[in-house]
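Visitor: got a structure for you, letters missing:
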(Lines give C-alpha, C1' and ligand atoms only; values in the text may rest on other atoms or scores of the structure.)
Protein backbone atom coordinates (compact mmCIF):
# COMPACT_ATOMS: atom_id res chain seq x y z
CA UNK A 1 0.00 0.00 0.00
CA UNK A 2 1.27 3.39 -0.99
CA UNK A 3 4.70 2.06 -1.74
CA UNK A 4 7.50 4.58 -1.58
CA UNK A 5 9.34 4.64 -4.88
CA UNK A 6 11.98 6.87 -6.33
CA UNK A 7 9.37 9.17 -7.82
CA UNK A 8 7.44 9.42 -4.57
CA UNK A 9 10.45 10.18 -2.38
CA UNK A 10 10.17 13.70 -0.98
CA UNK A 11 13.28 15.73 -1.69
CA UNK A 12 12.05 19.26 -0.98
CA UNK A 13 10.95 19.80 2.62
CA UNK A 14 10.53 16.07 3.35
CA UNK A 15 9.09 16.92 6.77
CA UNK A 16 5.94 18.03 4.93
CA UNK A 17 5.52 14.69 3.18
CA UNK A 18 3.67 11.48 4.04
CA UNK A 19 3.12 8.13 2.39
CA UNK A 20 0.35 7.22 4.80
CA UNK A 21 -2.70 5.70 3.11
CA UNK A 22 -5.22 7.32 5.46
CA UNK A 23 -3.65 10.75 5.01
CA UNK A 24 -3.86 10.42 1.24
CA UNK A 25 -7.39 9.00 1.34
CA UNK A 26 -8.67 11.86 3.51
CA UNK A 27 -7.35 14.49 1.10
CA UNK A 28 -8.75 12.66 -1.92
CA UNK A 29 -12.14 12.33 -0.23
CA UNK A 30 -12.37 16.01 0.65
CA UNK A 31 -11.32 17.32 -2.75
CA UNK A 32 -13.97 17.71 -5.44
CA UNK A 33 -11.58 17.96 -8.35
CA UNK A 34 -8.19 16.75 -9.44
CA UNK A 35 -5.96 17.01 -12.47
CA UNK A 36 -4.92 14.00 -14.51
CA UNK A 37 -1.64 14.39 -16.38
CA UNK A 38 -0.50 12.18 -19.24
CA UNK A 39 2.07 12.42 -22.00
CA UNK A 40 0.91 13.17 -25.53
CA UNK A 41 3.51 13.02 -28.27
CA UNK A 42 6.24 13.68 -25.73
CA UNK A 43 4.52 16.68 -24.20
CA UNK A 44 2.56 16.98 -20.95
CA UNK A 45 -1.20 17.38 -20.87
CA UNK A 46 -3.05 17.87 -17.58
CA UNK A 47 -6.84 17.94 -17.53
CA UNK A 48 -9.11 18.81 -14.61
CA UNK A 49 -11.82 16.34 -13.72
CA UNK A 50 -13.76 14.86 -10.83
CA UNK A 51 -12.56 11.89 -8.84
CA UNK A 52 -13.90 9.79 -6.03
CA UNK A 53 -12.56 6.89 -3.99
CA UNK A 54 -13.77 3.40 -3.20
CA UNK A 55 -11.36 1.68 -0.84
CA UNK A 56 -7.95 1.43 -2.41
CA UNK A 57 -9.00 2.73 -5.81
CA UNK A 58 -9.51 6.24 -7.08
CA UNK A 59 -12.24 6.43 -9.70
CA UNK A 60 -12.78 8.68 -12.70
CA UNK A 61 -15.34 8.82 -15.46
CA UNK A 62 -15.83 10.34 -18.85
CA UNK A 63 -17.89 10.03 -21.99
CA UNK A 64 -16.94 7.28 -24.42
CA UNK A 65 -15.75 10.01 -26.79
CA UNK A 66 -13.58 11.70 -24.19
CA UNK A 67 -9.92 11.79 -25.12
CA UNK A 68 -8.84 11.64 -21.49
CA UNK A 69 -11.03 8.60 -20.79
CA UNK A 70 -9.67 6.85 -23.89
CA UNK A 71 -6.05 7.64 -22.99
CA UNK A 72 -6.64 6.30 -19.48
CA UNK A 73 -8.39 3.16 -20.74
CA UNK A 74 -5.45 2.52 -23.07
CA UNK A 75 -3.18 2.21 -20.05
CA UNK A 76 -1.23 5.46 -20.30
CA UNK A 77 1.05 6.42 -17.44
CA UNK A 78 -0.81 8.95 -15.33
CA UNK A 79 -0.11 11.48 -12.62
CA UNK A 80 -3.16 12.49 -10.58
CA UNK A 81 -2.86 15.60 -8.42
CA UNK A 82 -5.23 16.94 -5.79
CA UNK A 83 -4.78 20.19 -3.86
CA UNK A 84 -6.69 21.71 -0.96
CA UNK A 85 -5.68 25.24 0.00
CA UNK A 86 -6.20 25.78 3.74
CA UNK A 87 -4.79 29.20 4.40
CA UNK A 88 -2.72 32.21 3.39
CA UNK A 89 0.38 32.42 5.54
CA UNK A 90 1.21 36.11 5.96
CA UNK A 91 4.69 36.50 7.40
CA UNK A 92 6.52 39.59 8.60
CA UNK A 93 9.08 39.25 5.81
CA UNK A 94 8.09 39.03 2.15
CA UNK A 95 10.31 35.98 1.83
CA UNK A 96 8.48 33.83 4.38
CA UNK A 97 4.97 34.25 2.98
CA UNK A 98 3.49 30.87 2.22
CA UNK A 99 0.29 28.86 2.01
CA UNK A 100 -1.18 26.14 4.13
CA UNK A 101 -2.30 23.26 1.95
CA UNK A 102 -2.79 19.54 1.69
CA UNK A 103 -2.00 17.80 -1.58
CA UNK A 104 -1.73 14.31 -3.03
CA UNK A 105 0.23 13.18 -6.06
CA UNK A 106 -0.49 9.68 -7.39
CA UNK A 107 1.25 7.80 -10.17
CA UNK A 108 0.14 4.72 -12.07
CA UNK A 109 -2.01 3.31 -14.80
CA UNK A 110 -5.79 3.11 -14.66
CA UNK A 111 -7.89 0.13 -15.64
CA UNK A 112 -11.29 0.41 -17.24
CA UNK A 113 -14.21 -1.16 -15.40
CA UNK A 114 -16.88 -2.39 -17.79
CA UNK A 115 -19.12 -4.59 -15.62
CA UNK A 116 -22.51 -2.82 -15.51
CA UNK A 117 -23.19 -3.67 -11.85
CA UNK A 118 -19.76 -2.42 -10.80
CA UNK A 119 -20.29 0.72 -12.83
CA UNK A 120 -23.69 1.37 -11.28
CA UNK A 121 -22.23 0.95 -7.79
CA UNK A 122 -19.37 3.30 -8.59
CA UNK A 123 -21.63 6.03 -9.96
CA UNK A 124 -23.80 5.66 -6.87
CA UNK A 125 -20.69 6.28 -4.77
CA UNK A 126 -19.91 9.43 -6.76
CA UNK A 127 -23.40 10.82 -6.15
CA UNK A 128 -23.08 9.92 -2.46
CA UNK A 129 -19.83 11.88 -2.35
CA UNK A 130 -21.55 14.94 -3.84
CA UNK A 131 -24.64 14.63 -1.65
CA UNK A 132 -24.69 11.91 1.01
CA UNK A 133 -27.97 9.95 1.04
CA UNK A 134 -29.06 11.21 -2.35
CA UNK A 135 -28.54 8.17 -4.55
CA UNK A 136 -31.63 6.28 -3.32
CA UNK A 137 -33.84 9.12 -4.57
CA UNK A 138 -32.53 9.76 -8.07
CA UNK A 139 -33.57 8.07 -11.29
CA UNK A 140 -31.01 5.26 -11.59
CA UNK A 141 -28.87 4.88 -14.69
CA UNK A 142 -30.15 2.87 -17.63
CA UNK A 143 -27.99 0.29 -19.38
CA UNK A 144 -27.59 2.75 -22.22
CA UNK A 145 -26.37 5.48 -19.87
CA UNK A 146 -23.96 3.08 -18.15
CA UNK A 147 -22.65 2.14 -21.58
CA UNK A 148 -22.18 5.76 -22.60
CA UNK A 149 -19.76 6.45 -19.76
CA UNK A 150 -16.30 5.02 -19.24
CA UNK A 151 -15.34 4.18 -15.66
CA UNK A 152 -11.65 4.09 -14.77
CA UNK A 153 -9.88 3.02 -11.60
CA UNK A 154 -6.38 3.95 -10.48
CA UNK A 155 -4.92 2.09 -7.50
CA UNK A 156 -4.15 4.32 -4.54
CA UNK A 157 -0.71 2.77 -4.42
CA UNK A 158 2.25 4.79 -5.66
CA UNK A 159 1.95 8.29 -4.32
CA UNK A 160 2.33 10.67 -1.47
CA UNK A 161 0.70 13.51 0.40
CA UNK A 162 2.32 16.82 1.17
CA UNK A 163 1.01 19.47 3.52
CA UNK A 164 1.82 22.63 5.42
CA UNK A 165 -0.12 23.91 8.41
CA UNK A 166 0.39 26.41 11.17
CA UNK A 167 1.61 29.99 11.53
CA UNK A 168 4.28 31.81 9.51
CA UNK A 169 7.88 31.05 10.42
CA UNK A 170 9.80 34.33 10.40
CA UNK A 171 13.44 34.94 11.11
CA UNK A 172 14.15 35.90 14.71
CA UNK A 173 15.42 39.31 13.58
CA UNK A 174 12.04 40.13 12.01
CA UNK A 175 9.83 39.26 14.95
CA UNK A 176 9.37 42.88 15.96
CA UNK A 177 8.74 44.17 12.42
CA UNK A 178 5.61 46.32 12.79
CA UNK A 179 3.14 44.35 10.66
CA UNK A 180 0.35 41.92 11.48
CA UNK A 181 1.40 38.34 10.81
CA UNK A 182 -0.60 35.16 10.91
CA UNK A 183 -2.84 32.92 8.83
CA UNK A 184 -5.98 33.77 6.88
CA UNK A 185 -7.89 30.48 6.78
CA UNK A 186 -9.31 29.46 3.41
CA UNK A 187 -12.22 27.04 3.30
CA UNK A 188 -14.42 25.51 0.65
CA UNK A 189 -18.00 26.27 1.71
CA UNK A 190 -21.27 24.87 0.39
CA UNK A 191 -23.93 27.55 0.02
CA UNK A 192 -27.73 27.59 0.02
CA UNK A 193 -29.00 25.16 -2.64
CA UNK A 194 -30.62 26.76 -5.68
CA UNK A 195 -33.49 24.72 -7.12
CA UNK A 196 -33.47 24.36 -10.87
CA UNK B 1 -2.77 36.28 -27.76
CA UNK B 2 -4.13 33.00 -26.59
CA UNK B 3 -3.58 31.43 -29.97
CA UNK B 4 -5.79 28.50 -30.77
CA UNK B 5 -3.65 25.52 -31.68
CA UNK B 6 -4.38 21.88 -32.25
CA UNK B 7 -3.81 21.08 -28.61
CA UNK B 8 -6.07 23.90 -27.43
CA UNK B 9 -8.97 23.06 -29.74
CA UNK B 10 -11.97 21.95 -27.70
CA UNK B 11 -13.28 18.61 -28.89
CA UNK B 12 -15.50 17.59 -25.95
CA UNK B 13 -18.41 20.00 -25.35
CA UNK B 14 -16.80 22.87 -27.29
CA UNK B 15 -19.65 25.15 -26.19
CA UNK B 16 -18.02 25.16 -22.75
CA UNK B 17 -14.67 26.36 -24.09
CA UNK B 18 -13.14 29.78 -24.62
CA UNK B 19 -9.83 31.13 -25.87
CA UNK B 20 -10.57 34.62 -24.57
CA UNK B 21 -7.64 36.23 -22.76
CA UNK B 22 -9.79 38.02 -20.19
CA UNK B 23 -11.71 34.84 -19.37
CA UNK B 24 -8.47 32.96 -18.78
CA UNK B 25 -6.90 35.81 -16.82
CA UNK B 26 -9.90 36.09 -14.48
CA UNK B 27 -9.76 32.38 -13.61
CA UNK B 28 -6.00 32.49 -13.09
CA UNK B 29 -6.34 35.55 -10.85
CA UNK B 30 -9.02 33.99 -8.67
CA UNK B 31 -7.29 30.64 -8.19
CA UNK B 32 -4.72 30.33 -5.42
CA UNK B 33 -3.12 27.15 -6.70
CA UNK B 34 -2.42 25.36 -9.94
CA UNK B 35 -0.69 22.21 -11.08
CA UNK B 36 2.34 22.24 -13.34
CA UNK B 37 2.82 19.10 -15.43
CA UNK B 38 6.03 18.11 -17.16
CA UNK B 39 7.47 14.94 -18.63
CA UNK B 40 10.14 13.09 -16.70
CA UNK B 41 11.78 10.16 -18.43
CA UNK B 42 8.72 9.72 -20.63
CA UNK B 43 6.26 9.78 -17.76
CA UNK B 44 3.99 12.58 -16.54
CA UNK B 45 4.63 14.46 -13.31
CA UNK B 46 2.19 17.10 -12.08
CA UNK B 47 3.04 19.19 -9.03
CA UNK B 48 0.78 21.63 -7.18
CA UNK B 49 2.10 25.11 -6.61
CA UNK B 50 1.09 28.77 -6.39
CA UNK B 51 0.86 31.02 -9.41
CA UNK B 52 0.12 34.66 -10.02
CA UNK B 53 -0.23 36.82 -13.08
CA UNK B 54 1.36 40.03 -14.29
CA UNK B 55 -0.16 41.11 -17.59
CA UNK B 56 0.41 38.46 -20.20
CA UNK B 57 2.65 36.28 -18.07
CA UNK B 58 1.85 33.73 -15.41
CA UNK B 59 4.49 33.59 -12.69
CA UNK B 60 5.76 30.81 -10.46
CA UNK B 61 8.52 30.53 -7.91
CA UNK B 62 10.49 27.90 -6.08
CA UNK B 63 13.65 27.40 -4.13
CA UNK B 64 16.89 27.10 -6.09
CA UNK B 65 16.98 23.45 -5.08
CA UNK B 66 13.43 22.72 -6.23
CA UNK B 67 13.23 20.12 -8.95
CA UNK B 68 10.15 21.73 -10.49
CA UNK B 69 11.83 25.15 -10.62
CA UNK B 70 14.91 23.64 -12.23
CA UNK B 71 12.87 21.71 -14.79
CA UNK B 72 10.98 24.88 -15.67
CA UNK B 73 14.14 26.97 -15.90
CA UNK B 74 15.63 24.37 -18.23
CA UNK B 75 12.84 25.07 -20.72
CA UNK B 76 10.78 21.91 -20.33
CA UNK B 77 7.40 21.74 -22.05
CA UNK B 78 4.77 22.49 -19.43
CA UNK B 79 1.06 22.18 -18.95
CA UNK B 80 -0.38 24.45 -16.26
CA UNK B 81 -3.88 23.70 -15.02
CA UNK B 82 -6.15 25.73 -12.78
CA UNK B 83 -9.60 24.68 -11.56
CA UNK B 84 -12.27 26.53 -9.60
CA UNK B 85 -15.25 24.43 -8.50
CA UNK B 86 -18.40 26.58 -8.37
CA UNK B 87 -21.15 24.13 -7.60
CA UNK B 88 -22.52 20.62 -7.33
CA UNK B 89 -25.10 20.03 -10.02
CA UNK B 90 -27.67 17.63 -8.61
CA UNK B 91 -29.92 16.31 -11.36
CA UNK B 92 -33.03 14.14 -11.23
CA UNK B 93 -31.22 11.32 -13.01
CA UNK B 94 -27.95 9.84 -11.77
CA UNK B 95 -26.56 10.27 -15.27
CA UNK B 96 -26.94 14.05 -15.47
CA UNK B 97 -25.20 14.90 -12.21
CA UNK B 98 -22.35 17.30 -12.88
CA UNK B 99 -20.30 20.15 -11.46
CA UNK B 100 -20.13 23.80 -12.23
CA UNK B 101 -16.54 24.87 -12.67
CA UNK B 102 -14.13 27.22 -14.39
CA UNK B 103 -10.76 25.90 -15.52
CA UNK B 104 -7.75 26.98 -17.53
CA UNK B 105 -5.19 24.79 -19.27
CA UNK B 106 -2.02 26.50 -20.55
CA UNK B 107 0.82 25.05 -22.57
CA UNK B 108 4.28 26.38 -23.17
CA UNK B 109 7.77 26.83 -21.85
CA UNK B 110 8.70 29.11 -18.98
CA UNK B 111 11.64 31.47 -18.87
CA UNK B 112 13.59 32.25 -15.76
CA UNK B 113 13.71 35.87 -14.64
CA UNK B 114 16.95 36.68 -12.85
CA UNK B 115 16.99 40.48 -12.70
CA UNK B 116 16.75 41.37 -8.97
CA UNK B 117 14.47 44.39 -9.51
CA UNK B 118 12.11 42.37 -11.68
CA UNK B 119 12.12 39.60 -9.11
CA UNK B 120 11.35 42.00 -6.27
CA UNK B 121 8.44 43.49 -8.24
CA UNK B 122 7.08 40.03 -9.02
CA UNK B 123 7.21 38.87 -5.40
CA UNK B 124 5.48 42.09 -4.39
CA UNK B 125 2.71 41.23 -6.84
CA UNK B 126 2.36 37.75 -5.30
CA UNK B 127 1.96 39.22 -1.81
CA UNK B 128 -0.55 41.73 -3.18
CA UNK B 129 -2.52 38.83 -4.65
CA UNK B 130 -2.62 37.10 -1.27
CA UNK B 131 -3.43 40.27 0.67
CA UNK B 132 -4.03 43.48 -1.31
CA UNK B 133 -2.17 46.47 0.15
CA UNK B 134 0.11 44.34 2.30
CA UNK B 135 3.41 44.58 0.48
CA UNK B 136 4.23 48.13 1.64
CA UNK B 137 4.19 46.92 5.25
CA UNK B 138 6.31 43.78 5.16
CA UNK B 139 10.05 43.48 5.51
CA UNK B 140 11.24 43.57 1.88
CA UNK B 141 13.39 40.79 0.44
CA UNK B 142 17.16 40.98 0.76
CA UNK B 143 19.44 40.28 -2.18
CA UNK B 144 20.24 36.94 -0.61
CA UNK B 145 16.55 36.03 -0.37
CA UNK B 146 15.95 37.11 -3.95
CA UNK B 147 18.87 34.95 -5.01
CA UNK B 148 17.56 31.95 -3.10
CA UNK B 149 14.32 31.86 -5.07
CA UNK B 150 13.85 31.10 -8.74
CA UNK B 151 11.23 33.16 -10.58
CA UNK B 152 9.67 31.68 -13.71
CA UNK B 153 7.31 33.20 -16.26
CA UNK B 154 5.04 31.38 -18.68
CA UNK B 155 3.35 33.42 -21.42
CA UNK B 156 -0.43 33.40 -21.19
CA UNK B 157 -0.52 32.48 -24.86
CA UNK B 158 -1.37 28.91 -25.84
CA UNK B 159 -4.28 27.78 -23.77
CA UNK B 160 -7.97 27.81 -23.15
CA UNK B 161 -10.63 28.10 -20.49
CA UNK B 162 -13.48 25.69 -19.97
CA UNK B 163 -16.50 26.20 -17.77
CA UNK B 164 -19.95 24.99 -16.87
CA UNK B 165 -22.56 27.04 -15.07
CA UNK B 166 -26.27 26.87 -14.45
CA UNK B 167 -28.84 24.29 -13.38
CA UNK B 168 -28.88 20.56 -14.12
CA UNK B 169 -30.07 19.54 -17.57
CA UNK B 170 -32.34 16.53 -17.18
CA UNK B 171 -34.13 14.56 -19.84
CA UNK B 172 -37.71 15.68 -20.43
CA UNK B 173 -39.01 12.28 -19.27
CA UNK B 174 -37.36 12.76 -15.85
CA UNK B 175 -38.69 16.22 -15.07
CA UNK B 176 -41.40 14.90 -12.75
CA UNK B 177 -39.13 12.43 -10.94
CA UNK B 178 -39.84 13.10 -7.25
CA UNK B 179 -36.47 14.39 -6.09
CA UNK B 180 -35.10 17.86 -5.42
CA UNK B 181 -32.84 19.03 -8.23
CA UNK B 182 -30.64 22.07 -8.51
CA UNK B 183 -27.22 23.42 -7.69
CA UNK B 184 -25.36 23.52 -4.38
CA UNK B 185 -23.00 26.49 -4.76
CA UNK B 186 -19.41 25.91 -3.68
CA UNK B 187 -17.26 28.91 -2.76
CA UNK B 188 -13.76 29.49 -1.47
CA UNK B 189 -14.15 31.62 1.63
CA UNK B 190 -11.51 33.48 3.63
CA UNK B 191 -12.05 33.15 7.38
CA UNK B 192 -11.15 35.24 10.40
CA UNK B 193 -7.37 35.82 10.43
CA UNK B 194 -5.45 33.98 13.15
CA UNK B 195 -2.47 35.97 14.47
CA UNK B 196 0.72 33.98 14.84
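Guide: Arrived safely. Please read these numbers as outputs of a predicted model, since none were measured by experiment.

Visitor: in its sheet, what does the one helix or strand residue A:46 maps to sit against?
Guide: If you go by DSSP states H and E, residue A:46 is part of strand A:43-49. Sheet pairing of strand A:43-49 (DSSP bridges) gives strand A:34-40 (antiparallel).

Visitor: so where's chain A uncertain?
Guide: Applying pLDDT under 70 to chain A flags residues A:1-3.

Visitor: pull the longest strand from chain A.
Guide: strand A:77-90 (DSSP state E).

Visitor: ok, that one near chain B or not?
Guide: Yes - using Cβ under 8 Å from any Cβ of the partner chain, strand A:77-90 reaches chain B at A:77-81, A:83, A:85, A:88, A:90. Just so you know, the C-beta spots here come from the backbone N, C-alpha and C atoms, and that holds for glycine as well.

Visitor: and what of stretch A:117-134?
Guide: Yes - applying Cβ under 8 Å from any Cβ, one finds stretch A:117-134 in contact with chain B at A:123-124, A:126-127, A:130-131, A:134.

Visitor: which residues touch that stretch?
Guide: Taking contacts as Cβ atoms under 8 Å, 6 or more residues apart in numbering or on different chains, the residues outside stretch A:117-134 that touch it are A:29, A:50, A:52, A:54, A:59, A:61, A:113, A:135, A:138, A:140-141, A:146, A:149, A:151, B:88, B:90, B:94, B:97, B:179, B:184.

Visitor: now stretch A:16-27
Guide: A:1-4, A:8, A:10, A:53, A:56, A:82, A:84, A:102-104, A:106, A:156, A:159-164.

Visitor: go again using 10 Å as the cut-off
Guide: With Cβ atoms under 10 Å, 6 or more residues apart in numbering or on different chains as the test, stretch A:16-27 has contacts from A:1-5, A:8-11, A:53, A:55-56, A:58, A:82-84, A:101-106, A:156-165.

Visitor: any idea which residue sits dead centre in chain A?
Guide: Centroid-nearest residue in chain A, with Cα atoms, centre = their mean: residue A:82, separated by 2.8 Å.

Visitor: correct me, but that residue touches residue A:31?
Guide: Yes - using Cβ atoms under 10 Å, residue A:82 is in contact with residue A:31, at 4.4 Å.

Visitor: Can you work out which residues contact both of these two?
Guide: A:51, A:102-104.

Visitor: any chance of those in JSON lines, plus distance to residue B:36 and neighbour count?
Guide: Below are the shared contacts of residue A:82 and residue A:31 laid out as JSON lines (distance: Cβ to Cβ, whole Å; neighbours: other Cβ atoms under 10 Å in any protein chain shown):
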{"residue": "A:51", "distance to residue B:36": "19", "neighbour count": "23"}
{"residue": "A:102", "distance to residue B:36": "18", "neighbour count": "23"}
{"residue": "A:103", "distance to residue B:36": "12", "neighbour count": "24"}
{"residue": "A:104", "distance to residue B:36": "16", "neighbour count": "26"}
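
Visitor: can you narrow the residues you listed to ones near chain B?
Guide: Filtering those for proximity to chain B by Cβ under 10 Å from any Cβ of the partner chain leaves A:102-104.

Visitor: Relative to chain B, which of those residues is nearest.
Guide: Proximity of these to chain B (Cβ to the nearest Cβ) peaks at residue A:103, which lies at 4.6 Å.

Visitor: quick one: the closest one from residue B:87, how far?
Guide: In this view, residue A:103 and residue B:87 are 23 Å apart by Cβ to Cβ, to the nearest Å.

Visitor: try residue A:180
Guide: Per Cβ to Cβ, residue A:180 is found 33 Å from residue B:87.

Visitor: so where does residue A:28 fall, helix or strand?
Guide: Short version, using DSSP H and E: residue A:28 is in helix A:21-30.

Visitor: picking up where we left off before, list the ones among the contacts of stretch A:16-27 that fall in strands.
Guide: Those of the contacts of stretch A:16-27 lying in strands (DSSP E): A:53, A:58, A:82-84, A:101-106, A:158-164.

Visitor: Filter those residues down to just the buried residues.
Guide: Taking 16 or more other Cβ atoms under 10 Å in any protein chain shown as the criterion, what is buried in the ones in strands among the contacts of stretch A:16-27 is A:53, A:58, A:82-84, A:101-106, A:158-164.

Visitor: Let me see the contact set for the spatially closest residue to residue A:195 that is not a sequence neighbour.
Guide: Spatial nearest neighbour of residue A:195, chain neighbours left out: residue B:182 (4.1 Å); criterion: Cβ to Cβ, 6 or more residues apart in numbering or on different chains. Each residue near residue B:182 by Cβ under 10 Å, 6+ apart is listed here: A:193-196, B:87-91, B:167-168.

Visitor: Then residue A:158?
Guide: Applying Cβ under 10 Å, 6+ apart to residue A:158 gives the contacts A:2-5, A:7-8, A:19, A:105-108.

Visitor: can you do 7 Å?
Guide: Going by Cβ atoms under 7 Å, 6 or more residues apart in numbering or on different chains, residue A:158 touches A:3, A:5, A:8, A:106-108.

Visitor: For it, give its distance to residue A:85.
Guide: Plainly put, residue A:158 is 24 Å away from residue A:85 if you go by Cβ to Cβ.
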